[in-house]
Every structure is written in structure tokens, then in C-alpha cells.
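Engineer: sequence plus predicted model, see below.
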Amino acid sequence: MKEILFISDLHLSQEYPDSLARFENFSSTLPKEVGQIFLLGDVFDFWIGDDGAETLGHHKIEKQLHQISSSGVELFFLPGNRDFLVGQDFASRTGCKLLPDPSIIEIGEKRVYLTHGDALCIDDVEHQQNRSVLLSSKWRKAFLDKSIEDRLDTALRLRQKSEESKQAKPMSIMDINQPHLEEIMRENQVRTVIHGHTHKPAIHAFDLDGIEARRYVLGDWYTQNSVLTFRNGEFILE
């Protein structure tokens, strides 16, 4: 079985040249053993619609993703809270297959629950309220009907507001709610969860109704390459 990679929270932007360089190196040096890559959201620091890629300077990234998919590697894109507007035009240009958040996949005999992760942070009431508005079809249509310039201005203001809001919140409420997670795992009959969003790379093992369960948390790419690899029947976080 070929290797499967999971990454998230690259926050690619012209403002972060080191992250761009890390991703370029990652995409150009993929081992031949890799068969699938799952991008679990916030690949981009923000996204203003598929027609705004050039404005954001992301055509090069799209070409790098297209090169990966053209090489025979299956690419899957599950949106995050920063790039939830990624759509079919982006998928066509890059060769990515879009996945809903959450998604359940099967790896070997394991059912694996994939999510960006912010939906699990239910203690952050403000974020959940904003999330509900931004993911609505009404908000999406109104936003995409604006000019690219207006969308960019709105996105930058939303990002600034989000950063200011995080500074005023205790870290504890911005993490996942464990009882809520466990209930979701029971409902979906899964014992393995992979997510990003919190920027706290770790492997959490815990008991779920007498069976060992695991939660794999992906890290951000501001200062490192954070990759979860499924290799030879095991998950390895590097």
C-alpha cells in the first residue's frame, strides 16, 4: 500500500515567504511511495473565491498542486475556516478532489474521521457563531457577488478581526471539546480522528468505551513541515 499524507494549516500567503518555500520544496521532492495527500484546510491564509487566485498571487501554488496530481498522486482538499470558499474551478485547475467537512474515509480496516477541526471547538462560542454565518449560502453568494477588490478588503478586515479576537480569549476555549469529540466518534463509529486548526501537533490516545481511540493533530507550517504519514499500517507524525 502506498503512503498517505495528511497536512493542514500551511496558511500560504505572499506575506509568509518561508511557508511558500517550504511548500515548494515539499511538492517538488515528494517520494515515489506517496499515493494520496489529504489537505485538511487553511492551506491558504485566506481565499476570496476561485477567480481571485491571481490577485492573491496563488497561481504558482496551483501549478505546484497540479504537478502533484499530474504525477499520479491523488489530492484531496477539505476546506478550513480560512479557505472555505475554495470551489470547483480551483479543483479543476489543480486536480484536487473536494471533500466536505467532516468526511470519513477507510484506510485498511480503519474508519478515519477527517475534519479541519474548528467545528470541534464548541467552547469558542463567538467562533461558532461566525462560522455559522460565513458558511451560509446567503453570505457566500453576497460575498462572491462583490468585486475582487471589495472581497479582498472584506477578507483582510475579517482576518484582522479574527486575530484581535484570539488575543482576548483564553487558549482553553480555542481547543477542541473532548466530550463533544467522543460523542461524534460514537455516532460515526470511528476510533481515529485527524484534524488541524489548533496548531498543536500531537497524538492523543484515550479510552472510548473500552477501546483505544486516537486523535492526530496536525501542526501549522509557519516554522516547520508538519506531516502525518500513514506508512506500513501505522500513523507517523513528523
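Structural biologist: Received, thanks. Keep in mind that what you see is a predicted model, and the values were worked out from it rather than measured.

Engineer: can you tell me what sits against stretch 86-94?
Structural biologist: 44, 47, 49-51, 53, 62, 65-66, 69, 75, 77, 79, 96-98 (Cβ atoms under 8 Å, 6 or more residues apart in numbering). Just so you know, the C-beta spots here come from the backbone N, C-alpha and C atoms, and that holds for glycine as well.

Engineer: what's the burial count for residue 202?
Structural biologist: The tally of other residues near residue 202 (other Cβ atoms under 10 Å) stands at 11.

Engineer: contacting residues for the spatially most central residue of the chain?
Structural biologist: For the chain, the residue nearest the mean C-alpha position is residue 41 (1.6 Å; Cα atoms, centre = their mean). Listed by Cβ under 8 Å, 6+ apart, the contact set of residue 41 reads 8-9, 78-84, 101, 116-117, 196-197.

Engineer: go again using 6 Å as the cut-off
Structural biologist: Shown in contact with residue 41 (Cβ atoms under 6 Å, 6 or more residues apart in numbering): 8, 78-80, 116.

Engineer: contacts for the lengthiest helix in the chain next, please.
Structural biologist: As assigned by DSSP state H, the longest helix anywhere in the chain is helix 148-167. With Cβ under 6 Å, 6+ apart as the test, helix 148-167 has contacts from 46, 48, 52, 55.

Engineer: ok, 7 Å please
Structural biologist: Here helix 148-167 makes contact (Cβ atoms under 7 Å, 6 or more residues apart in numbering) with 46, 48-49, 51-52, 55, 126, 143, 174.

Engineer: ok, and the most crowded of those residues?
Structural biologist: Within the contacts of helix 148-167, most neighbours by other Cβ under 10 Å means residue 48, with 24 neighbours.

Engineer: so what's that one closest to, chain neighbours aside?
Structural biologist: In this structure, residue 48 finds its nearest non-sequential neighbour in residue 151, 4.1 Å apart by Cβ to Cβ, 6 or more residues apart in numbering.

Engineer: any chance of the contacts of helix 148-167 in JSON lines with pLDDT and distance to residue 110 as columns?
Structural biologist: JSON lines is the format used below for the contacts of helix 148-167 (pLDDT from 0 to 100; distance: Cβ to Cβ, whole Å):
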{"residue": "46", "pLDDT": "96", "distance to residue 110": "33"}
{"residue": "48", "pLDDT": "98", "distance to residue 110": "37"}
{"residue": "49", "pLDDT": "98", "distance to residue 110": "36"}
{"residue": "51", "pLDDT": "98", "distance to residue 110": "38"}
{"residue": "52", "pLDDT": "97", "distance to residue 110": "37"}
{"residue": "55", "pLDDT": "96", "distance to residue 110": "41"}
{"residue": "126", "pLDDT": "94", "distance to residue 110": "35"}
{"residue": "143", "pLDDT": "98", "distance to residue 110": "37"}
{"residue": "174", "pLDDT": "92", "distance to residue 110": "28"}
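
Engineer: pick out the most distant pair among those residues.
Structural biologist: 51 and 174 (31.9 Å; Cβ to Cβ).

Engineer: ok so, going back, how about the contacts of residue 41 in a markdown table, adding distance to residue 22, neighbour count and pLDDT?
Structural biologist: Below are those laid out as a markdown table (distance: Cβ to Cβ, whole Å; neighbours: other Cβ atoms under 10 Å; pLDDT from 0 to 100):
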| residue | distance to residue 22 | neighbour count | pLDDT |
| --- | --- | --- | --- |
| 8 | 14 | 30 | 98 |
| 78 | 20 | 27 | 98 |
| 79 | 21 | 23 | 98 |
| 80 | 18 | 27 | 98 |
| 116 | 20 | 25 | 98 |
